[in-house]
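**Student:** The sequence isn't on hand, but the structure is:
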């Protein structure tokens, strides 16, 4: 994931919080494709614990942000923790993101 090269997924890990994993996704098909500047208009955010499907786990989509605003501020978000690669996320977190996006492999 992702197979569509227009989708960009960026991930962070901050073990200080219950929803330690933050996932930012740009280039999704279901958000407006054009904000008047020929770029995707929104970045979609998700947060998850290591076991988002557990009854005491956390799996949520938190908000959307203009992609330009996201790109301008992402370097200043120290509270998100350290950047991690998609493949460093626990398998259940990857599965949660796929499930939320109705992504079939």
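**Tutor:** That came through fine. The shown structure was predicted, so the numbers you read here are calculated from the model rather than taken from an experiment.

**Student:** what packs against the top helix by length along the chain?
**Tutor:** If you go by DSSP state H, the chain has its longest helix at helix 91-100. Applying 3 or more C-beta pairs under 8 Å, 6 or more residues apart in numbering; DSSP states H and E, we find helix 91-100 packed against strand 21-26, strand 42-48, strand 59-66. Glycine gets a C-beta too; all of them are placed from N, C-alpha and C.

**Student:** Quickly, which of those bottoms out on average pLDDT?
**Tutor:** Of all the helices and strands packed on helix 91-100, the minimum mean pLDDT falls on strand 59-66 (a mean of 82).

**Student:** And it, what's buried?
**Tutor:** By neighbour count with 16 or more other C-beta atoms under 10 Å, strand 59-66 contains the buried residues 59, 65.

**Student:** same check, this time on stretch 11-23
**Tutor:** Within stretch 11-23, the residues that count as buried by 16+ other C-beta under 10 Å are 11, 12, 13, 19, 20, 21, 22, 23.

**Student:** ok, now stretch 86-96?
**Tutor:** Here stretch 86-96 shows 89, 90, 92, 93, 94, 95, 96 as buried, counting by 16+ other C-beta under 10 Å.

**Student:** Low-confidence bits of this structure, can you list those?
**Tutor:** For the chain, applying pLDDT under 70 flags the ranges 1-5, 28-41, 104-105.
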